[in-house]
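# Task: produce atomic coordinates for the following.
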Amino acid sequence: MIKNKDKRAKVYAKQKHEKKIEKQKKIKARDAAEKLALELGEEPPQKMVPKIIENTREADDTVCRPDDQELFADIDADEFNPVLRREVTPKVLITTCRFNSTRGPAFISELLSVIPNFHYHKRGTYDLKKIVEYAKKKDYTSLIVVHTNRREPDALLIIGLPNGPIAHFKLSNLVLGKDIKLFIISLQNHGNPTSHEPELVLNNFTTRLGNHFFQSLFPQEPNFRGRRVVTFHNQRDFILFRHHRYIFQTKESKQSGTKGKDGVAQERVKPRLQVRNHISFMCVWIYQFIYVGIYVQECGPRFTLKLVTLQHGTFDTKGGEFEWVHKPERDTSRRRFFL
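Sure thing, here's the model as predicted:
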């Protein structure tokens, strides 16, 4: 309502300064109350949680809850139930589209190193329905088709065998293991995975749509000796895939033959650390003479998946029944997630 620009600016600056002072007073009062509660041995006041898109998501009826009896009934009738109950060992067949690219085989070779039970067969001119029938006869539990466009892998088609379902994922942000580098040193510093069965980490898959699908691709008995971890992290319906190896390294103090001024043998601490192309590391001092290092090394590949369609049954382009289809009309709210 103030027409003069200078007066309006001064009033706005004064209001802004008053809000800043009030905010600082609230922060000091909250810190003082927390300090007083700790001195008295009481529980500190509950901290305020900032509102973000993840914790303000819209209510969804398909969210899995621990006390949901209907969910447990669906698990017993799930297509992946034999694999999850360890009655059947996962066996995955990987193939490509008919028009393959130069980067597609490199991506497939790194996928083969992620899971020991992956098998690759060249597509050739075979129809996908014939490949599905062949995979059923050979007792494969899943079929993965890597689709490429303009010499770049852009989609994954994962078919559950023998009865489906079929998931079509859009693939983006692909980084092969040989292209993973350190933040500072410009060298090829990716890890070399072993043949051990990896541990599987699934984050933020809270609905029935995203439950048990990726779990059926991996063996249910990981070999912890190999220290391999495969992660599927769901963030706003974008699935981030990562493959790491973790390393524990301990260095103890060594006794030397040197003597001090009083003639008593002294211990010389020489913590030596061999950095072997690790992307990130976390070091903890436990005692004065013991050094412990925990390292995480990324092996690759690294990519992002986005679910496009979920089809019931095996591959059928004409008479197939779609259980879920992503449409732009459903993206009316940024706080609505489906996985």
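# going forward, measure contacts and count neighbours with C-alpha atoms only.
Fine.
# Break this structure down into its domains, please.
In the domain annotation for the chain, the residue ranges read 69-244+299-330, 247-295 (automatic domain parsing).
# So which of these is nearest residue 54?
With Cα to Cα as the criterion, residue 54 lies closest to domain 69-244+299-330 of the domains of the chain, at 7.2 Å.
# Tell me where this structure has strands.
When secondary structure is read from DSSP state E, the chain shows strands at 92-96, 118-120, 142-149, 152-160, 166-175, 199-203, 228-235, 238-252, 254-259, 265-268, 280-285, 290-298, 302-312, 321-325.
# which of the domains of the chain sits most buried?
domain 69-244+299-330 (a mean of 17; mean count of other Cα atoms under 10 Å).
# what stretches of the stretch 101-250 of the chain score poorly on pLDDT?
Counting by pLDDT under 70, the ranges of the stretch 101-250 of the chain that qualify are 101, 182-191, 208-211, 249-250.
# thinking again about what came up before, the domains of the chain into a markdown table, with extra columns for distance to residue 52?
Shown next, in a markdown table, are the domains of the chain (distance: least, Cα to Cα, whole Å):
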| stretch | distance to residue 52 |
| --- | --- |
| domain 69-244+299-330 | 11 |
| domain 247-295 | 27 |
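# Now do the contacts for residue 24.
For residue 24, the contact set (Cα atoms under 8 Å, 6 or more residues apart in numbering) is empty.
# Would you mark the buried spots in whichever helix in the chain runs longest?
In the chain, with assignment by DSSP state H, the single longest helix is helix 5-40. Judged by neighbour count (16 or more other Cα atoms under 10 Å), helix 5-40 contains these buried residues: 30, 34.
# ok, residue 113 - contacts?
Listed by Cα under 8 Å, 6+ apart, the contact set of residue 113 reads 193, 194, 195.
# sorry, back to before: can you tell which of the strands of the chain is closest to residue 102?
Using Cα to Cα, those put strand 152-160 closest to residue 102, at 8.1 Å.
# orientation of the closest one relative to strand 142-149 in degrees?
Here strand 152-160 runs at an angle of 160 degrees relative to strand 142-149 (axes from the mean of the first three to the mean of the last three Cα atoms, to 10 degrees).
# by how many degrees do strand 152-160 and strand 166-175 diverge?
Between strand 152-160 and strand 166-175, the angle comes out at 150 degrees (the same axes, to 10 degrees).
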